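from the sequence below, what's the structure:
(2 chains)
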2 protein chains.
Amino acid sequence: MKFGLFGSAQAKRGQGPDVDSAKGYHDFLEYNIEAEALGFHSAFAVEHHFTGFGQVSATLNLMTYLAAQTTTLRLGTAVMVLPWHNPVLLAEQAATVDLLSGGRLDFGVGKGYRYNEFEGFGVPMEEAADRFEESLDVLTRAWTTDEPWSHDGKFWSFKNVLVEPPTIQRPHPPFWMGAGSPNSIEGVAERGYNLLLDQFAPISVALDRIAMFRTAVEKRGRKFDANDIGLARGLYVAKDEADRDAAIERRMAARARVDKMAQRPDGANKASIMSYDDTTETAMEAALFGTVDEISEKIARLRDGGVRYMLLSDGGSGIEGLRRFSAEIMPAFADSDAAEAAE
Amino acid sequence: MKFGLFGSAQAKRGQGPDVDSAKGYHDFLEYNIEAEALGFHSAFAVEHHFTGFGQVSATLNLMTYLAAQTTTLRLGTAVMVLPWHNPVLLAEQAATVDLLSGGRLDFGVGKGYRYNEFEGFGVPMEEAADRFEESLDVLTRAWTTDEPWSHDGKFWSFKNVLVEPPTIQRPHPPFWMGAGSPNSIEGVAERGYNLLLDQFAPISVALDRIAMFRTAVEKRGRKFDANDIGLARGLYVAKDEADRDAAIERRMAARARVDKMAQRPDGANKASIMSYDDTTETAMEAALFGTVDEISEKIARLRDGGVRYMLLSDGGSGIEGLRRFSAEIMPAFADSDAAEAAE
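Numbers count the residues shown, from 1 in each chain, chains lettered A, B, ... in the order given. Below you'll find the model as predicted:
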């Protein structure tokens, strides 16, 4: 199995001697730099806006900085929210990261689901799907066309453009797309993209989605590769039960705060990521929060269900948790990969 | 005097074993990293699009990568062309570079002047000034407002937004603005921004502009500081006269190519940067192309005319030219600064 990371940095606001706004960003960088040394495969970062608590907004800039400090780590976005971006500028920015990093960009894309972001950017939520489609068309064309081209779409027009610089990865950096509903999962397979699965779905739900994606890919005559699915999971390597339980409570409180921002005033936000019940049991079942043994047991369940690539989101055990994960958990699962390869 | 750099990287297009698209970008980075060690104060990079010869498009991404590889070098844009960008996304991106670099961003801005870029982005050239104004308003507000705010403008609307992360520099990274005409120079002084002067104006024209800016600043009751003006100049440290003359010819050919892209179909592009005559004499007079002695003599003229900060654009003598500049030219002018400080 492969393990990557999924997360964000936090830049505190305010001034004065006690506030080092940059600290959260530099902590994020150090965490990911050490993760590379610990054997992690990738780091995916979110894109969010206007939260008031400092989530990463300029994701490709942060990942560009990380690119300069790493050599093998795949650099992912999870996800770039396409309705906010001019697709030609975004193609240029992503190509620049891909070029500078030696072809390490994993380009995760999404439609967006938080109401406050649509409101902030003045983009009607109803346009999200159409904007997403048009943006993907433009991005793909921008990366794969070597002669000047034009585009006259519903939201964007470009005339006689040649998008530079070229990407290193050919035909372009791999697209990763989040999906939860059966329709969305079919859509990802139809596009030939890789699949990102969220960190909140119960294990059984996540495994069902993997099976769905496999069927959808094979139905289209392609070979299924479980490495094309990144399953996100919260990680907290706990000292003991009480430590674990306190971490789960904190996780649920943070999640409630985000859900509040994401919700529409009419309460009609139907994003699958907002569809799970908010009980402690569900949160506990989905997350890799626990002792080394508890976490290993869950990963074994996921592996047996077909998971090959997991993206871990730090639930608070930080770099020390990552070190323990790398030393005490990862080796057992790396072995199962080697065993498979030897079969 | 202070010396910085002004330039671009070039990413070649095409595939195959002979094309290393990333080489030009990595050469640019190495050049600037060494420049920092050689005593250069800053590196400013252009933003251009759709050229077909690989000029830098995602300027802030490239400068983010350079930020990670340097520690004291100021990181400048010369210039971000505001009409292409969503000003809130741009504010977030620039703030991220400023944050990650420890407050080293010099934010150069412009309206754009190349016809092919306006055509490419589908932005009427006639809207450039209004878009520029609105974008500056939004950028400034985004960087200086700690509570959610809204904006309902001619080109952009934002509602209840709080732009994150915060910048390190307060109240915000310094704005630098290119100007050539008397009106534009007045405008830069009126805004309280720093001034960028182009590399093509003859020395006498450049000195007139500096005098104009000084008058405009002092007229507004502010103290004039010559460090607030960055004068761009081409640099080519030549072996001999023939080497110098060949470099000037290459420079003029490259400039003709850019002018062609910048020109409107009706030939009515009135940008001051396109107003100089295209004779060898003018090109030779403006550029620091020559032997060490010739270059030193020109810099002395500029210094005596009030220039304190120059941005050198590589005319082809590359890193070796920079080393010679640092070793054989810079010390004489660094002294004059120290002498002034001692006065």
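
can you give me the strands for chain A?
Assignment of strands within chain A using DSSP state E yields the ranges A:2-7, A:42-45, A:74-81, A:105-110, A:149-152, A:157-161, A:175-178, A:194-197, A:229-237, A:288-290, A:309-314.

out of the ones you listed, nearest to chain B?
Among the strands of chain A, the nearest to chain B by CB to the nearest CB is strand A:157-161 (3.9 Å). To be clear about C-beta, it is placed using only N, CA and C from the backbone, and glycine gets the same treatment.

which of the residues in that closest one are buried?
A:158, A:159, A:161 (16 or more other CB atoms under 10 Å in any protein chain shown).

just put the strands of chain A in a markdown table and tack on distance to chain B and mean pLDDT.
A markdown table is the format used below for the strands of chain A (distance: least, CB to the nearest CB, whole Å; pLDDT from 0 to 100):
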| stretch | distance to chain B | mean pLDDT |
| --- | --- | --- |
| strand A:2-7 | 15 | 96 |
| strand A:42-45 | 11 | 98 |
| strand A:74-81 | 11 | 97 |
| strand A:105-110 | 11 | 98 |
| strand A:149-152 | 9 | 98 |
| strand A:157-161 | 4 | 98 |
| strand A:175-178 | 19 | 96 |
| strand A:194-197 | 22 | 97 |
| strand A:229-237 | 23 | 97 |
| strand A:288-290 | 28 | 97 |
| strand A:309-314 | 19 | 97 |
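
could I get the ones you listed as CSV with distance to residue B:318?
Putting the strands of chain A into CSV (distance: least, CB to CB, whole Å) gives the following:
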stretch, distance to residue B:318
strand A:2-7, 39
strand A:42-45, 35
strand A:74-81, 30
strand A:105-110, 29
strand A:149-152, 34
strand A:157-161, 30
strand A:175-178, 38
strand A:194-197, 41
strand A:229-237, 43
strand A:288-290, 52
strand A:309-314, 43
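
where exactly do the helices run in the stretch 51-200 of chain A?
Under the criterion DSSP state H, counting those that start in this stretch, the stretch 51-200 of chain A carries helices at the ranges A:59-68, A:87-100, A:115-121, A:128-144, A:182-191.

of the ones you listed, give the one that comes closest to residue B:222.
Of all these, helix A:59-68 sits nearest to residue B:222, with 32.9 Å by CB to CB.

can you tell me the residue of the stretch 151-300 of chain A closest to chain B?
For the stretch 151-300 of chain A, CB to the nearest CB, closest residue to chain B: residue A:165, 3.3 Å.

show me the contacts for residue A:2.
Applying CB atoms under 8 Å, 6 or more residues apart in numbering or on different chains to residue A:2 gives the contacts A:41, A:42, A:227, A:308, A:309, A:310, A:337.

and the fifth one, how far is that from residue A:199?
When CB to CB, to the nearest Å is applied, the distance between residue A:309 and residue A:199 equals 14 Å.

more neighbours, these two?
Between residue A:309 and residue A:199, counted using other CB atoms under 10 Å in any protein chain shown, the more crowded position is residue A:199 (23 against 20).

skip the chain neighbours and tell me the closest residue to that one.
Distances taken as CB to CB, 6 or more residues apart in numbering or on different chains place residue A:232 nearest to residue A:199, at 3.8 Å, with adjacent residues excluded.

hang on, the one you found packs against residue A:195?
No - with contact defined as CB atoms under 8 Å, residue A:232 does not reach residue A:195; the gap is 11.1 Å.

where in chain A is the helix or strand with the lowest mean pLDDT?
In chain A, no helix or strand scores lower on mean pLDDT, DSSP states H and E than helix A:330-342, which sits at a mean of 68.

how about residue A:316, what does it touch?
A:236, A:247, A:250, A:251 are the contacts of residue A:316 under CB under 8 Å, 6+ apart.

any regions of the stretch 1-150 of chain A where pLDDT drops low?
Applying pLDDT under 70 to the stretch 1-150 of chain A flags residues A:15-18.

returning to that earlier point: and the helices of the stretch 51-200 of chain A as CSV, adding mean neighbour count and distance to residue B:108?
As requested, these are exported to CSV (neighbours: other CB atoms under 10 Å in any protein chain shown; distance: least, CB to CB, whole Å):
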stretch, mean neighbour count, distance to residue B:108
helix A:59-68, 27, 17
helix A:87-100, 26, 18
helix A:115-121, 21, 26
helix A:128-144, 19, 25
helix A:182-191, 16, 39
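
pretty sure residue A:194 sits against residue A:231.
No - judged on CB under 8 Å, residue A:194 makes no contact with residue A:231 at a distance of 11.6 Å.

compare these two (neighbour count), which wins?
residue A:231 (26 against 21).

quick check: beta-bridge partners of the more buried one?
Partner residues in beta bridges with residue A:231, using DSSP bridges, are residue A:197, residue A:310.

residue A:309 is in contact with that one, correct?
Yes - under the criterion of CB under 8 Å, residue A:231 makes contact with residue A:309 at 6.8 Å.

burial of residue A:286, as a residue count?
Using other CB under 10 Å, residue A:286 has 23 other residues around it.

make that residue A:303, sorry
17.

so where is the stretch 201-343 of chain A shaky, pLDDT-wise?
A:335-343.

just the helices in it please.
A:203-219, A:241-262, A:280-286, A:292-304, A:318-324, A:330-342.

who wins for proximity to residue A:22 among those helices?
helix A:318-324 (17.6 Å).

tell me which strands and helices the closest one is in contact with?
helix A:23-37, strand A:229-237 (3 or more CB pairs under 8 Å, 6 or more residues apart in numbering or on different chains; DSSP states H and E).

how many degrees apart are the shortest one and strand A:309-314 in direction?
Calculated by axes from the mean of the first three to the mean of the last three CA atoms, to 10 degrees, strand A:229-237 forms an angle of 40 degrees with strand A:309-314.

next one: the longest one
Using the same axes, to 10 degrees, the interaxial angle of helix A:23-37 with respect to strand A:309-314 works out to 140 degrees.

what count of nearby residues applies to residue A:48?
22.

sorry, back to before: most packed of the helices of the stretch 201-343 of chain A?
helix A:203-219 (a mean of 18; mean count of other CB atoms under 10 Å in any protein chain shown).

for that helix, name the packing helices and strands.
helix A:182-191, strand A:194-197, strand A:229-237, helix A:280-286, helix A:292-304.

6 Å instead?
Using 3 or more CB pairs under 6 Å, 6 or more residues apart in numbering or on different chains; DSSP states H and E, the elements in contact with helix A:203-219 are helix A:182-191, strand A:194-197.

and the longest one, average pLDDT?
Helix A:182-191 comes out with an average pLDDT of 96.

okay, it in CSV with CA atoms only?
The C-alpha atoms that make up helix A:182-191 are tabulated as CSV, following Å, rounded to 0.1, in the frame of the first residue of the first chain:
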residue,chain,number,x,y,z
PRO,A,182,-23.0,6.7,-7.8
ASN,A,183,-23.6,9.2,-10.6
SER,A,184,-20.5,11.2,-9.7
ILE,A,185,-18.4,8.1,-9.5
GLU,A,186,-19.6,7.0,-12.9
GLY,A,187,-18.7,10.4,-14.1
VAL,A,188,-15.1,10.1,-12.9
ALA,A,189,-14.7,6.7,-14.6
GLU,A,190,-16.2,8.1,-17.8
ARG,A,191,-13.7,10.9,-17.9
